[in-house]
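S.K.: requesting a structural model of the entry that follows:
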Amino acid sequence: MDKQGIAWILALSCASAALPAQTLLPNVDVRAPQWEARHGGYLVSGNFEVDPKMSAVVYPAEPFQKDDVLSVRLTQMHDDEYFILQECVSADCVQARIVRAWNAFGPLGTTTHHADDRFFIPHEGKFFLWMQRISMSGSAGPFTGYEPFGPPLVFKPTGTSEQFHSADLDGAVEHGLVKVVSTAHEDATYIVRYEGGTSVLIQRMHAAN
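M.R.: Residues are numbered from 1 along each chain as shown. You can find the predicted model right below:
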């Protein structure tokens with residue numbers, strides 16, 4: 001090799017030695033998705049949101065899938081309040097179905113052996129959650145049933161004539177849905193606080209892969 005070739009090799013060697021060694025690894029995110037945790041073979045998620053156009057409607061940020069489990073824990077709920085899980089039954093959501101309703105004493109109209117605070121999602125679909133207050137007078141007690149099919153965001157209770165005589169249904173329609181006053185994510189739980197002081201702790205669970 002001639003002197004010019006040797007000089008070129010030496011120059012490359014010196015340049016390589018001057019470069020700093022690469023010690024930084026590529027940016028790899030190994031954290032669990034936000035507001036999610038793994039527990040007992042399930043992926044538990046609090047990834048819910050309040051509809052920005054309707055401050056009383058809560059929905060999952062990712063649509064429910066078949067066999068998801070919805071956990072609803074109610075605290076400081078009043079006897080005249082009903083917490084509703086409803087799904088659209090038409091593409092334009094003109095018609096909807098109430099699939100579960102809770103009052104201060106637990107789920108309405110069900111004898112399921114599952115825990116009162118859990119509901120097993122039967123299929124994919126557009127589900128949403130909201131609260132209705134129906135003031136009652138006298139000692140008739142809250143309604144214990146409802147009509148499942150109807151317009152979205154409408155709760156039609158079923159019960160005795162005494163209950164209907166005591167219920168302020170017109171006032172409930174005039175007041176509308178109970179408004180959300182604040183929300184918070186605490187780990188894998190979504191906490192919704194309503195006018196009147198009721199809080200709802202919501203989680204979504206599905207089997208981890």
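
S.K.: count the residues that sit near residue 149.
M.R.: 10 (other CB atoms under 10 Å). C-beta here means a position set from N, CA and C on the backbone, and glycine is covered the same way.

S.K.: list the contacts for the spatially closest residue to it that is not a sequence neighbour?
M.R.: For residue 149, ignoring the flanking residues on the chain, the nearest one in space by CB to CB, 6 or more residues apart in numbering is residue 97 at 5.4 Å. By CB atoms under 8 Å, 6 or more residues apart in numbering, the contact set of residue 97 is 86-87, 89, 148-149.

S.K.: among those, which one sits closest to residue 108?
M.R.: Comparing the contacts of residue 97 against residue 108 with CB to CB places residue 148 closest, at 10.7 Å.

S.K.: now that closest one: how far from residue 177?
M.R.: 18 Å (CB to CB, to the nearest Å).

S.K.: so between those two, which is more surrounded?
M.R.: The residue with more neighbours, out of residue 148 and residue 177, is residue 177; 20 against 16, by other CB under 10 Å.

S.K.: for that one, which three-state class applies?
M.R.: With DSSP: H, G, I helix; E, B strand; the rest coil as the basis, residue 177 sits in coil.

S.K.: that one and residue 108, how far apart?
M.R.: 17 Å.

S.K.: using CSV, write out the CA atom coordinates for the host helix or strand of residue 131.
M.R.: In the assignment (DSSP states H and E), residue 131 maps to strand 127-133. What follows is strand 127-133, C-alpha atoms only, in CSV (Å, rounded to 0.1, in the frame of the first residue of the first chain):
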residue,chain,number,x,y,z
PHE,A,127,-72.9,1.9,26.0
PHE,A,128,-73.1,5.0,28.2
LEU,A,129,-73.9,5.8,31.9
TRP,A,130,-76.0,8.6,33.5
MET,A,131,-78.1,9.4,36.6
GLN,A,132,-81.7,10.4,37.0
ARG,A,133,-83.4,11.7,40.1
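
S.K.: check which element follows it along the chain.
M.R.: strand 145-146.

S.K.: elements contacting the following helix or strand past that following strand?
M.R.: Counting by DSSP H and E, the next helix or strand C-terminal to strand 145-146 is strand 149-150. In terms of contacts (3 or more CB pairs under 8 Å, 6 or more residues apart in numbering; DSSP states H and E), strand 149-150 is packed against strand 96-103.

S.K.: kind regards, and thank you for your time.
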